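**Q** Sharing a model that was predicted from the sequence below.
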Amino acid sequence: MGFTRSEFLRLLPLLELSPRDGRSHAGPLGRGEVTLRMGEQGERRLGSFVLPELPVELEFRDCEEGEVEAFLRRFDRVYQRGGG
């Protein structure tokens, strides 16, 4: 994702996930659970333009397909950048 770790963490409470350790957060989703894991922050260079890069992995356990789709829509809204 095109976020620094601090930018990503600032928005994370909107997803209502609880910290598990320094790199993962989890929470209930229906009868199942969603876990979010962050990798090491890096950067992507496009010529002289530098963008932050943060690997993020989502794991859904025992969740209904509709619950996963609704969570992903919410995730996209929370982390959507401005533009047009």
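**A** Here it is on my side, so go on. It should be emphasised that the depicted structure is a prediction, and the values quoted were computed from it without experimental measurement. Numbering: from 1, shown residues only.
**Q** From here on, just use CA atoms for contacts and neighbour counts.
**A** Will do.
**Q** Which secondary structure state does residue 36 sit in?
**A** Under DSSP: H, G, I helix; E, B strand; the rest coil, residue 36 falls in the strand class.
**Q** Measure how buried it is and give me the count.
**A** By the criterion of other CA atoms under 10 Å, residue 36 has 19 neighbours.
**Q** same deal with the one 4 residues further on?
**A** Counted with other CA under 10 Å, residues neighbouring residue 40 total 11.
**Q** and it, backbone torsions?
**A** Main-chain torsions, residue 40, degrees, to the nearest 10: phi -80, psi 130.
**Q** Walking through the protein, point out its strands one by one.
**A** 18-19, 24-29, 32-38, 42-46, 49-53, 56-61 (DSSP state E).
**Q** what's in contact with the longest one?
**A** I take that to be strand 32-38. Contact with strand 32-38 is made by 23-28, 54-64, as judged by CA atoms under 8 Å, 6 or more residues apart in numbering.
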